[in-house]
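Student: Let me see the structure of the following:
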Amino acid sequence: MPDKVLTSLVRELAQRLQSSNLSLSTAESCTGGGIGYWLTSITGSSAWYSSGFITYSNSAKIRDLKVKPATLDSFGAVSEQVATEMAEGCLAITCADISVSVTGIAGPDGGTLDKPVGTVCFGWAHKKGIRSETKIFEGDRAAVRLQTIEHALKRAVIFLDEFLV
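Tutor: Numbering: from 1, shown residues only. All right, here's what the predicted structure looks like:
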(Lines give C-alpha, C1' and ligand atoms only; values in the text may rest on other atoms or scores of the structure.)
Protein backbone atom coordinates (compact mmCIF):
# COMPACT_ATOMS: atom_id res chain seq x y z
CA MET A 1 0.00 0.00 0.00
CA PRO A 2 1.53 3.34 -1.06
CA ASP A 3 0.29 5.19 2.04
CA LYS A 4 2.52 3.13 4.34
CA VAL A 5 5.53 3.43 2.05
CA LEU A 6 5.16 7.18 1.61
CA THR A 7 4.51 7.78 5.31
CA SER A 8 7.61 5.76 6.16
CA LEU A 9 9.72 7.76 3.68
CA VAL A 10 8.42 11.05 5.05
CA ARG A 11 9.21 9.98 8.62
CA GLU A 12 12.73 8.95 7.60
CA LEU A 13 13.33 12.23 5.77
CA ALA A 14 11.84 14.23 8.67
CA GLN A 15 14.11 12.50 11.18
CA ARG A 16 17.21 13.34 9.12
CA LEU A 17 16.15 16.94 8.58
CA GLN A 18 15.26 17.51 12.24
CA SER A 19 18.39 15.89 13.61
CA SER A 20 20.48 18.14 11.36
CA ASN A 21 18.35 21.23 11.97
CA LEU A 22 17.65 21.57 8.24
CA SER A 23 14.59 22.61 6.27
CA LEU A 24 13.21 21.49 2.92
CA SER A 25 11.13 23.17 0.24
CA THR A 26 9.47 21.79 -2.90
CA ALA A 27 8.87 22.90 -6.48
CA GLU A 28 6.30 20.72 -8.20
CA SER A 29 4.73 20.54 -11.60
CA CYS A 30 3.34 17.12 -12.60
CA THR A 31 2.57 16.09 -9.02
CA GLY A 32 0.42 19.17 -8.41
CA GLY A 33 1.43 19.51 -4.77
CA GLY A 34 1.46 15.80 -3.98
CA ILE A 35 4.95 15.88 -2.49
CA GLY A 36 3.99 18.78 -0.22
CA TYR A 37 0.83 16.92 0.74
CA TRP A 38 2.80 13.88 1.88
CA LEU A 39 5.48 15.95 3.61
CA THR A 40 2.82 17.68 5.69
CA SER A 41 0.89 14.48 6.42
CA ILE A 42 2.80 13.89 9.66
CA THR A 43 2.61 15.90 12.84
CA GLY A 44 5.41 18.39 13.39
CA SER A 45 6.29 18.90 9.72
CA SER A 46 6.30 22.68 10.18
CA ALA A 47 9.60 22.24 12.05
CA TRP A 48 11.40 21.16 8.85
CA TYR A 49 9.13 21.77 5.82
CA SER A 50 9.51 25.37 4.68
CA SER A 51 7.15 25.79 1.74
CA GLY A 52 6.21 24.56 -1.69
CA PHE A 53 5.46 25.85 -5.15
CA ILE A 54 3.08 24.32 -7.64
CA THR A 55 4.28 25.67 -10.97
CA TYR A 56 2.24 23.76 -13.51
CA SER A 57 2.57 26.23 -16.38
CA ASN A 58 5.77 27.46 -17.99
CA SER A 59 4.85 31.04 -17.11
CA ALA A 60 4.57 30.04 -13.42
CA LYS A 61 7.98 28.34 -13.58
CA ILE A 62 9.45 31.56 -14.97
CA ARG A 63 7.59 33.95 -12.63
CA ASP A 64 7.78 32.00 -9.37
CA LEU A 65 11.00 29.99 -9.63
CA LYS A 66 13.02 32.16 -12.03
CA VAL A 67 13.40 29.39 -14.62
CA LYS A 68 14.96 31.00 -17.68
CA PRO A 69 12.71 31.24 -20.76
CA ALA A 70 15.71 30.22 -22.86
CA THR A 71 16.03 26.98 -20.87
CA LEU A 72 12.37 26.16 -21.48
CA ASP A 73 12.74 27.01 -25.18
CA SER A 74 15.90 24.94 -25.62
CA PHE A 75 15.07 21.86 -23.54
CA GLY A 76 11.33 21.92 -22.83
CA ALA A 77 9.55 21.94 -19.49
CA VAL A 78 10.21 18.24 -19.02
CA SER A 79 14.00 18.28 -18.82
CA GLU A 80 16.70 17.95 -16.22
CA GLN A 81 17.79 21.48 -17.07
CA VAL A 82 14.38 22.87 -16.07
CA ALA A 83 14.18 20.59 -13.00
CA THR A 84 17.59 21.91 -11.95
CA GLU A 85 16.55 25.55 -12.37
CA MET A 86 13.31 24.85 -10.49
CA ALA A 87 15.24 23.34 -7.57
CA GLU A 88 17.79 26.17 -7.54
CA GLY A 89 15.09 28.84 -7.73
CA CYS A 90 13.09 27.18 -4.96
CA LEU A 91 16.17 27.00 -2.75
CA ALA A 92 17.05 30.66 -3.33
CA ILE A 93 13.53 32.00 -2.82
CA THR A 94 12.64 29.99 0.29
CA CYS A 95 16.05 30.00 1.97
CA ALA A 96 15.48 26.34 2.84
CA ASP A 97 18.52 24.09 3.12
CA ILE A 98 17.32 21.47 0.64
CA SER A 99 14.88 21.65 -2.26
CA VAL A 100 13.19 19.02 -4.38
CA SER A 101 11.71 19.65 -7.82
CA VAL A 102 9.71 17.55 -10.27
CA THR A 103 8.48 18.22 -13.80
CA GLY A 104 7.04 15.57 -16.06
CA ILE A 105 4.32 14.06 -18.22
CA ALA A 106 1.84 12.19 -16.06
CA GLY A 107 -0.51 11.46 -18.97
CA PRO A 108 -2.66 10.20 -20.40
CA ASP A 109 -1.76 12.74 -23.10
CA GLY A 110 1.24 14.92 -23.80
CA GLY A 111 3.90 12.32 -24.53
CA THR A 112 6.21 12.28 -27.55
CA LEU A 113 8.67 9.75 -28.96
CA ASP A 114 11.52 11.52 -27.13
CA LYS A 115 9.53 12.08 -23.94
CA PRO A 116 6.81 9.46 -23.56
CA VAL A 117 4.04 9.61 -20.98
CA GLY A 118 5.61 8.73 -17.64
CA THR A 119 8.79 10.77 -18.23
CA VAL A 120 9.65 12.74 -15.10
CA CYS A 121 12.68 14.92 -14.41
CA PHE A 122 13.85 15.54 -10.85
CA GLY A 123 16.12 18.05 -9.16
CA TRP A 124 17.53 18.11 -5.61
CA ALA A 125 19.44 21.21 -4.53
CA HIS A 126 21.60 22.17 -1.55
CA LYS A 127 24.03 25.08 -1.28
CA LYS A 128 26.86 22.54 -1.70
CA GLY A 129 25.51 21.00 -4.89
CA ILE A 130 22.68 19.81 -7.07
CA ARG A 131 21.61 16.50 -8.57
CA SER A 132 19.17 15.77 -11.35
CA GLU A 133 17.72 12.63 -12.84
CA THR A 134 15.15 11.48 -15.37
CA LYS A 135 12.92 8.45 -14.87
CA ILE A 136 10.21 6.88 -17.00
CA PHE A 137 7.36 5.41 -14.98
CA GLU A 138 4.64 3.03 -16.15
CA GLY A 139 0.93 3.17 -15.47
CA ASP A 140 -1.92 5.63 -15.56
CA ARG A 141 -1.78 9.25 -14.41
CA ALA A 142 -2.32 8.40 -10.75
CA ALA A 143 0.35 5.69 -10.82
CA VAL A 144 2.91 7.97 -12.50
CA ARG A 145 2.27 10.69 -9.93
CA LEU A 146 2.56 8.30 -6.97
CA GLN A 147 5.78 6.79 -8.32
CA THR A 148 7.13 10.31 -8.83
CA ILE A 149 6.37 11.28 -5.24
CA GLU A 150 7.92 8.08 -3.89
CA HIS A 151 11.07 8.47 -5.99
CA ALA A 152 11.46 12.16 -5.08
CA LEU A 153 11.29 11.31 -1.36
CA LYS A 154 13.62 8.28 -1.61
CA ARG A 155 16.23 10.26 -3.45
CA ALA A 156 15.82 13.25 -1.10
CA VAL A 157 16.92 10.98 1.77
CA ILE A 158 19.96 9.84 -0.24
CA PHE A 159 20.73 13.39 -1.37
CA LEU A 160 20.51 14.67 2.19
CA ASP A 161 22.84 11.92 3.40
CA GLU A 162 25.42 12.96 0.77
CA PHE A 163 25.61 16.46 2.25
CA LEU A 164 25.55 15.46 5.90
CA VAL A 165 28.77 13.46 5.63
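Student: what's Leu6 sitting at in phi/psi?
Tutor: phi -70, psi -40 (degrees, to the nearest 10).
Student: How about the secondary structure of the nearest residue to it once chain neighbours are set aside?
Tutor: Leaving out its chain neighbours, the residue that sits closest to Leu6 by Cβ to Cβ, 6 or more residues apart in numbering is Trp38, at 5.0 Å. Bear in mind the C-beta positions are built from the backbone N, C-alpha and C, glycine included. At Trp38, secondary structure determined by DSSP: H, G, I helix; E, B strand; the rest coil is helix.
Student: residues touching Trp38, list them.
Tutor: Leu6, Thr7, Leu9, Val10, Ile149, Leu153 (Cβ atoms under 8 Å, 6 or more residues apart in numbering).
Student: what pairs with the residue nearest the centre of the chain across the strands?
Tutor: The residue lying closest to the centre of the chain (Cα atoms, centre = their mean) is Ser101, at 2.8 Å. Beta-bridge partners recorded for Ser101 (DSSP bridges): Ala27, Gly123.
Student: residue boundaries of the strands in the chain?
Tutor: In the chain, strands defined by DSSP state E lie at 24-28, 49-54, 98-104, 119-126, 129-136, listed in chain order.
Student: Report the distance from the first one to the chain centre.
Tutor: In terms of Cα atoms, centre = their mean, to the nearest Å, the centre of strand 24-28 is found 6 Å from the chain centre.
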